[in-house]
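What follows is a predicted protein model with its sequence.
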Amino acid sequence: MTTVQEPTDAPARAYEIEAGLVRLRAGKCPQCGALFCPTRLVCGGCGHRGLDELLLAPRGTVYTFTQVHQSTPEFAAPYFLAYVDFPEQVRVMLPALGDEAPRIGEAVEVVMAPGPRIVEGELEMSPHAQTVAASATTRRSSNG
Amino acid sequence: MDDVYVLGVGMTPFGKHAERTAAELGAAALLEALDDAGLTLGDIEAAWVGSVFQGMAMGQRALGEGGLSGIPITNVENACSSGSTAIWDGAMSIRAGVYDVVLALGVEHLTGQFRGAFTPDESDVEAQRGLTMPSVYAMRAQRHFAQYGTTPKQLAAIAAKNKRNAVANPLAQFKKAVTVEEVLASRMIADPLHLQECAPVSDGAAAVVLVSKKKRDALGGSRAIRLAASVLKSGRSEVGLPDMTVEDLTGRAAEEAYASAGIGPDEVRFAEVHDCFSIAEALRVEGLGLFPHGEYPGRVVKGEADLDGRLPVNGSGGLLGKGHPLGATGVAQVVEVVRQLRGEAGARQIHGAKVGLAHCRGGKAQGVEGTACTVNILTV
């Protein structure tokens, strides 16, 4: 029987940046193949103890979205949220960038951007979903 | 296994109670339920008390204020289903033959503590990224729109119906009907949900006295209503890419409740369901099998869920109209079903009803479909 690893005080970062691509850190069950993002100690599908680390593809598809109009002490509205389906068959909620709401079925890329969370008066840098067409434009302009 | 009956019910007005503490609200509901049951404090053998944000030992504080102490008191926190989980706990103890008379109380005083949107626990990674409770349901509504052609106007009709029903409920927080247009003109909270489509912040308490069949027979309690099924389930771990318009949690709780009561969804005459948001009512009744999947909002527009419709939903006003003091909500739903089945619902009476259902489902926890869901089926 394998033992459960104790969680550490400093949890692993939620993402890695590889060759400029933002990849979310997930866990994959070595027994049943279920994916969890973020990872967890025990597989919620089959109960297997200990998941393998996996970095998700940097792109996914918008499953659904909203625009939040109500600020809280920690979050500056308005901002978009989207549930993004990744090709590994796992769904992750991310804030979304852009002037317009993301569309269901639209391809998005994970990018680092500020907000909506306010930490010590600043918008925190975090992974966001950005439409693939828009991010291509941004990259061109930042390169230029 | 002994049958369980609701012998007494009590409920404070829901709304803003600036001058009353949570303990005073809870005590008031307790005493009303006791009087309604024709029992005294000494008859209560054990109590379960649901609340969410009230701090340590809410049960002992409320029941102590009401003169009830010394018996086993268990505090229950199960998000919005805390009160209905207290009922489930109490019913279990009677079914198991441990007690003959127990109390389930739900109490919450929120207006002094909260404004704006609720958020999941701060350890929730989605909450850290900006998820609020309204935005969870807003995103489910967007899927309902995309998959079934549901419209903002149809969702607004759910809110308008419940606010209209609340006008006939003297205990409701909202006293004024609103039109579909007024709902759509109210401030956007999380697209497509407007302010009038979100349950308010409320204070209140509700209580039920549960008794065994033996006790009911001994008392000759003709006003007792049978708790034909009381089911609690929690959300399963989410694996893969589930359809967010489908409530697996509600469906599993309902399936067991129907089987336990020996009653099918086609026999349910009316329902009180957890309409924390307009879209939530649709997801609940569709998950309960009371309306075909994807069709509920359109059928509300046709009047099918009105008090005089095919299957009245949230005749009390629901959470949207009556108010939503979290811990009290699930108990208040059962109080309403009992009053309807006794014929004591006044201007909102549904005539001739023999079977009513109460559904409560709340909260959010990382990685699971929902926190807790109860389905209670009551029969005359």
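Received it, and whenever you're ready, just let me know what you need.

Look up which residues are beta-bridged to the closest residue to A:Pro58 other than its chain neighbours.
Excluding its sequence neighbours, the residue lying closest to A:Pro58 (Cβ to Cβ, 6 or more residues apart in numbering or on different chains) is A:Leu21, at 4.0 Å. Bear in mind the C-beta positions are built from the backbone N, C-alpha and C, glycine included. Beta-bridge partners of A:Leu21, counted by DSSP bridges, are A:Glu18.

Tell me the predicted confidence for B:Thr150.
Model confidence at B:Thr150, expressed as pLDDT, equals 98.

Doesn't it belong to a strand?
No. Per DSSP: H, G, I helix; E, B strand; the rest coil, B:Thr150 lies outside any strand segment and is coil.

The single nearest residue of the stretch 51-200 of chain B relative to chain A and B:Ile189: what is the separation?
The nearest approach of the stretch 51-200 of chain B to chain A comes at B:Ala138, 3.8 Å away (Cβ to the nearest Cβ). Distance, B:Ala138 to B:Ile189, using Cβ to Cβ, to the nearest Å: 8 Å.

Overlap in contacts, the two.
A:Val68 (Cβ atoms under 8 Å, 6 or more residues apart in numbering or on different chains).

Residue ranges of each domain in chain A, please.
A:15-55, A:59-143 (automatic domain parsing).

Spit out the contact partners of the most centrally placed residue in chain B.
With distances taken as Cα atoms, centre = their mean, B:Gly330 lies nearest the centre of chain B, 3.3 Å away. B:Gly330 makes contact with B:50, B:80-87, B:106, B:358, B:360, B:374 under the criterion Cβ under 8 Å, 6+ apart.

Next: A:Gln89.
A:Leu35, B:Gly240, B:Leu241.

how about a cut-off of 10 Å?
A:Gly33, A:Ala34, A:Leu35, B:Val239, B:Gly240, B:Leu241 (Cβ atoms under 10 Å, 6 or more residues apart in numbering or on different chains).

Leaving out chain neighbours, which residue sits closest to A:Ala113?
Per Cβ to Cβ, 6+ apart, closest to A:Ala113 is A:His128, 4.4 Å.

Does the one you found fall in a helix, a strand, or a coil region?
Applying three-state DSSP: A:His128 is strand.

Buried by neighbour count: which residues of the helix-or-strand element of chain B with minimal mean pLDDT qualify?
Ranking every helix and strand in chain B by mean pLDDT, DSSP states H and E puts helix B:125-128 at the bottom, with a mean of 89. Residues of helix B:125-128 classed as buried by neighbour count (16 or more other Cβ atoms under 10 Å in any protein chain shown): B:Val125, B:Glu126, B:Ala127, B:Gln128.

now swap in stretch B:234-253 and tell me
B:234-239, B:244-253.

what's the answer for stretch B:100-112, then?
For stretch B:100-112, by 16+ other Cβ under 10 Å, it's B:Asp100, B:Val101, B:Val102, B:Leu103, B:Ala104, B:Leu105, B:Gly106, B:Val107, B:Glu108, B:His109, B:Leu110, B:Thr111.

What of stretch B:30-37?
Buried residues in stretch B:30-37, defined by neighbour count with 16+ other Cβ under 10 Å: B:Leu30, B:Leu31, B:Glu32, B:Ala33, B:Leu34, B:Asp36, B:Ala37.

Measure how buried A:Ile104 is and give me the count.
17 (other Cβ atoms under 10 Å in any protein chain shown).

again with A:Ile118
16.

Would you mind confirming that it is in contact with A:Thr72?
Yes. Using Cβ atoms under 10 Å, A:Ile118 is in contact with A:Thr72, at 9.4 Å.

count of neighbours near B:Asp121?
11.

ok, so what distance separates it from B:Val4?
33 Å.

Next: B:Ala29.
Remark: distance between B:Ala29 and B:Val4 (Cβ to Cβ) = 19 Å.

Looking at those two now, which is surrounded by more residues?
B:Ala29 (29 against 25).

low-scoring stretches of the chain, by residue?
Reading this off chain A. Regions of chain A meeting the criterion pLDDT under 70 cover residues A:1-12, A:134-144.

The intended chain is chain B.
Ranges of chain B meeting pLDDT under 70: B:1, B:221.

residue furthest from the geometric center of it?
Relative to the mean C-alpha coordinate of chain B, counting by Cα atoms, centre = their mean, the farthest residue is B:Ala218 (30.4 Å).

In chain A, what residue lies closest to chain B?
Counting by Cβ to the nearest Cβ, chain A gets nearest chain B through A:Gly44, at 2.6 Å.

for that residue, helix, strand, or coil?
Three-state call for A:Gly44 (three-state DSSP): coil.

Would you tell me which residues of the stretch 51-200 of chain B are close to chain A?
Residues of the stretch 51-200 of chain B found near chain A (Cβ under 10 Å from any Cβ of the partner chain) are B:115-119, B:122, B:125-132, B:134-147, B:187-195, B:198.
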